[in-house]
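1. Structure for the following, please:
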Amino acid sequence: MSMTDQGPDTPLPKRPLSDAVETNFRIIAATFFLFAAIIVGLQILGYLTSGHWIPFSVIELARLFSDNEWLLTPVTWIVVHKTFSAIPASALFLAAGFIIAVTG
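-> Numbers count the residues shown, from 1 in each chain. Coordinates of the predicted model:
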């Protein structure tokens, strides 16, 4: 049976490269989910030991990788800074992992 004999709804066979790419996307998505779980786990551990919930926002995550002055004391784009300060870093990793898992 040749390729022209197949109907328009017949899927083409997967290539090994696409399998590798799909596996890589799954690994990346799982890594993001793992990061989210680690952040929440550390927050729970901190709460159980000290009695305070220690928030870890997107701004605090960015401070780990940058010493940009805007991350510490914003003069402009204050609403954006407040919004990023309100978003938990674990939610960012969950959303990124979900998007990669769905689209990958």
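2. so where is this structure shaky, pLDDT-wise?
-> Flagging of the chain using pLDDT under 70 yields the residue ranges 1-8, 12-17.
3. got the residue ranges for the strands in it?
-> Using DSSP state E, no strands are assigned anywhere in the chain.
4. now the helices: where do they sit in it?
-> Assigned helices in the chain, in chain order: 16-50, 58-65, 69-72, 78-86, 89-103 (criterion: DSSP state H).
5. The first one - contacts with which helices or strands?
-> With contacts defined as 3 or more CB pairs under 8 Å, 6 or more residues apart in numbering; DSSP states H and E, helix 16-50 has these neighbours: helix 89-103. Heads up, the C-betas are built off the backbone N, CA and C, glycines and all.
6. again, but for the shortest one
-> Packed against helix 69-72 by the contact rule (3+ CB pairs under 8 Å, 6+ apart) you find helix 58-65.
7. buried sites along the helix it packs on?
-> Across helix 58-65, burial judged by 16 or more other CB atoms under 10 Å covers 58, 59, 61.
8. Likewise for stretch 26-36?
-> Buried residues in stretch 26-36, counted by 16+ other CB under 10 Å: 29, 32, 33, 35, 36.
9. Quick one: residues contacting the third one.
-> This means residue 33. For residue 33, the contact set (CB atoms under 8 Å, 6 or more residues apart in numbering) comprises 93, 94, 97.
10. May I see these organised as JSON lines, with neighbour count and distance to residue 104 added?
-> JSON lines is the format used below for those (neighbours: other CB atoms under 10 Å; distance: CB to CB, whole Å):
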{"residue": "93", "neighbour count": "22", "distance to residue 104": "15"}
{"residue": "94", "neighbour count": "18", "distance to residue 104": "15"}
{"residue": "97", "neighbour count": "19", "distance to residue 104": "10"}
